[in-house]
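Asker: Next one to model:
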Amino acid sequence: MNKLFNKKIHLSILVFSIIFLPGLVFASSVYTDTGHPDFFVGDTIMFSVRVDSENKNINAVEGSVMLDYAAESVSLVDINTAGSKFSLWPLNPLPSENNTSISFAGGSPLGFNSKDAVIFNIVLKLQKVGRVTLTPDNFSVYLNDGKGTKDEVRVKNLVIDILPKKSDSRSVDDWNNLTSNDKTPPEPFEIYLGQEGSVFDGKKFLSFNTTDTQSGIAYYEVTEGGLPPVRSDGTYILQEQNKPVKVTVIAYDLAGNARESIYNVTVDLEEPVKYSYFNLIIIALCVLLLLIALRFILKKRKKNDLTQK
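Answerer: Predicted coordinates for the structure are as follows:
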């Protein structure tokens, strides 16, 4: 009888939690991890900022990671998107002037559901004994529901203690291992032609993106016809708007490996530019992410203004 009564109580508590505490049970979780249990002076460690979508499909995320450390105890070596689930970056992960925070806004065209999706990576050189804290801050996660719905978010910080250097062992160097062992070029990718009145003043443009599972994408290099090559972050406005032209896009990863893709622009003045379904998805998500990034920047400026006052 007591066992049956206890089971009923436990079941009631579970049902109450599901109905009245959905944010606590199903909120997406943002956290930072690394594959090392211990940390020593001289080590170069890569930390991965991840999101657990808690069985939901998501397509965009924005926020900051705060870095709290004593002066000169660490140095920021690199920020990269190696292995990231996000391929569109209206606001690339960038550090603040004093390297105490990293802000970003990223998206995934088709969305995904994952327990440990990498958003981006932070590489730190540990220089002095001390404590370092990495804290997700002002994070927003958006559901892939076509409405830009915000999910509830839980965050968890990571605290590490930097210990004195071991005299009998070699320092760990995640960054060197990553770049020196990466011999694989970025994934093959398509180039899409687009034209939309609300984007780039209605000019024709190319959009492209790819991923690199090892060291991450460093940049794209675009060559239009006989013009000099230029760097790009995933979009390129055609210089020749009304003439056929050959455009070559090369994606480079952080280890220097390259993947080339070619698009031959043909012009028919009697027909509008045609979109692929995938291209429409990318454009729509880019617009959403740009609005998110703009709101994030304005919010941060307002916060800084209040702090200065």
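Asker: When you work out contacts or count neighbours from here on, use the C-alpha atoms and nothing else.
Answerer: Noted.
Asker: Ignoring the adjacent residues along the chain, who's closest to Val41?
Answerer: Leaving aside its chain neighbours, Val41 sits nearest to Lys165 (4.7 Å; criterion: C-alpha to C-alpha, 6 or more residues apart in numbering).
Asker: and that neighbour, what pLDDT?
Answerer: pLDDT, Lys165: 91.
Asker: For it, give me its contacts.
Answerer: Phe40, Val41, Gly42, Ser171 (C-alpha atoms under 8 Å, 6 or more residues apart in numbering).
Asker: what about the strands in the stretch 151-300 of the chain?
Answerer: 153-156, 158-163, 191-194, 205-208, 217-224, 230-232, 235-237, 245-253, 258-265 (DSSP state E, counting those that start in this stretch).
Asker: As a markdown table, those strands with distance to Ala82 would be great.
Answerer: Converted to a markdown table, the strands of the stretch 151-300 of the chain look like this (distance: least, C-alpha to C-alpha, whole Å):
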| stretch | distance to Ala82 |
| --- | --- |
| strand 153-156 | 22 |
| strand 158-163 | 20 |
| strand 191-194 | 21 |
| strand 205-208 | 17 |
| strand 217-224 | 7 |
| strand 230-232 | 18 |
| strand 235-237 | 20 |
| strand 245-253 | 9 |
| strand 258-265 | 15 |
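Asker: among these, which is nearest Leu94?
Answerer: Leu94 lies closest to strand 217-224 among the strands of the stretch 151-300 of the chain, at 13.4 Å (C-alpha to C-alpha).
Asker: now the closest one: mean pLDDT?
Answerer: Per-residue scores along strand 217-224 average to 94.
Asker: Can you list the strands that it pairs with?
Answerer: strand 230-232 (antiparallel), strand 245-253 (antiparallel) (DSSP bridges).
Asker: picking up where we left off before, same list, the strands of the stretch 151-300 of the chain, but as a markdown table with distance to Pro109 and mean neighbour count please.
Answerer: What follows is the strands of the stretch 151-300 of the chain, written out as a markdown table (distance: least, C-alpha to C-alpha, whole Å; neighbours: other C-alpha atoms under 10 Å):
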| stretch | distance to Pro109 | mean neighbour count |
| --- | --- | --- |
| strand 153-156 | 21 | 17 |
| strand 158-163 | 29 | 16 |
| strand 191-194 | 14 | 20 |
| strand 205-208 | 12 | 19 |
| strand 217-224 | 17 | 20 |
| strand 230-232 | 19 | 14 |
| strand 235-237 | 15 | 18 |
| strand 245-253 | 19 | 21 |
| strand 258-265 | 20 | 16 |
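Asker: To Met66, which of these lies closest?
Answerer: Short answer: strand 158-163, nearest of these by C-alpha to C-alpha, at 10.5 Å.
Asker: So for Ser12, what pLDDT did the model give?
Answerer: pLDDT, Ser12: 45.
Asker: typo on my end, Thr235
Answerer: 88.
Asker: domain assignment for the chain?
Answerer: Using automatic domain parsing, the domain ranges for the chain come out as 26-180, 191-275.
Asker: Show me the helices in the protein, by range?
Answerer: With DSSP state H, the ranges of helices along the chain come out as 2-20, 22-26, 174-180, 277-308.
Asker: and Ser261, bridged to which residues?
Answerer: Bridge pairing for Ser261 - DSSP bridges - gives Val249.
Asker: ChimeraX command for the buried members of the contacts of Lys165?
Answerer: To isolate the buried subset of these in ChimeraX, counting by 16 or more other C-alpha atoms under 10 Å, use the following:
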select :40,41,42
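Asker: With distance to Ser29 and pLDDT added, can I get the contacts of Lys165 in CSV?
Answerer: What follows is the contacts of Lys165, written out as CSV (distance: C-alpha to C-alpha, whole Å; pLDDT from 0 to 100):
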residue, distance to Ser29, pLDDT
Phe40, 28, 96
Val41, 30, 96
Gly42, 31, 95
Ser171, 32, 92
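Asker: and of the contacts of Lys165, the nearest to Glu54?
Answerer: Phe40 (33.8 Å).
Asker: ok, the nearest residue to the closest one once chain neighbours are set aside - contacts?
Answerer: Setting aside the residues directly before and after it, Phe40 is nearest to Leu163 in space (C-alpha to C-alpha, 6+ apart), at 4.6 Å. Leu163 sits next to Asp38, Phe39, Phe40, Val41, Val129, Gly130 when contact means C-alpha under 8 Å, 6+ apart.
Asker: Please apply the same query to Leu67.
Answerer: If you count contacts by C-alpha under 8 Å, 6+ apart, then Leu67 has Asn99, Thr100, Ser101, Val132, Thr133, Leu134, Thr135 around it.
Asker: Among the residues you listed, which one is most surrounded by other residues?
Answerer: Neighbour counts for these, by other C-alpha atoms under 10 Å, peak at Leu134, which reaches 23 neighbours.
Asker: Now do stretch 101-121: distance from first to last residue.
Answerer: Counting by C-alpha to C-alpha, to the nearest Å, the length from the leading to the trailing residue of stretch 101-121 is 13 Å.
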